[in-house]
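Visitor: sequence unknown, structure follows:
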């Protein structure tokens, strides 16, 4: 009977798992907290739609024109209390966190993403071509990934 798993295979597997865990830990520790001047940038179709302070209290309905949305909603937005557009995303900024609370797209990945609160984090809605990101004008240096 042939032996398919050798001692070297097990050692290689353990080394790769340790390297993966170390890389994950290093990336998790390199996340920088957003400073008091952090901004939330909302982009729609590649253009800046709005900019807010991360520590403001805002609820923004970002429309996506019909011809630009890659996804048709199951329910018309006119039936929603918050939206007045056929294709849209509702972005909520509260308590130093940003989230997409409602969207007209079918897959709802942007809504399920949850909230973000650190510099460099993003939420993306591909069907409606929306990008929400956090930037800190004072924290634009090197981090563990780029150094």
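Guide: Sure thing, it's come through. Not measured: the values here are computed from a predicted model.

Visitor: Name the next helix or strand following the lengthiest helix in the chain along the chain.
Guide: Secondary structure of the chain read by DSSP state H shows that its longest helix is helix 7-30. Downstream of helix 7-30, the next assigned helix or strand under DSSP states H and E is strand 39-44.

Visitor: give me the element the most centrally placed residue in the chain is part of.
Guide: The centroid of the chain falls nearest to residue 123 when counting by CA atoms, centre = their mean (2.2 Å). Secondary structure from DSSP H and E places residue 123 in strand 122-125.

Visitor: what lines up beside the helix or strand following that strand in the sheet?
Guide: Per DSSP H and E, the first helix or strand lying C-terminal to strand 122-125 is strand 130-135. When pairing is defined by DSSP bridges, strand 130-135 lines up against strand 39-44 (antiparallel), strand 122-125 (antiparallel).

Visitor: how much space between residue 21 and residue 14?
Guide: Distance, residue 21 to residue 14, by CB to CB, to the nearest Å: 11 Å. Placement of C-beta: from N, CA and C, glycine included.

Visitor: same question, residue 60
Guide: Applying CB to CB to residue 60 and residue 14 gives a distance of 48 Å.

Visitor: Among these two, which residue is more densely surrounded?
Guide: residue 60 (16 against 10; other CB atoms under 10 Å).

Visitor: ok but the more buried one is inside a strand, no?
Guide: Yes: judged by DSSP: H, G, I helix; E, B strand; the rest coil, residue 60 forms part of a strand.

Visitor: Good, wrapping up.
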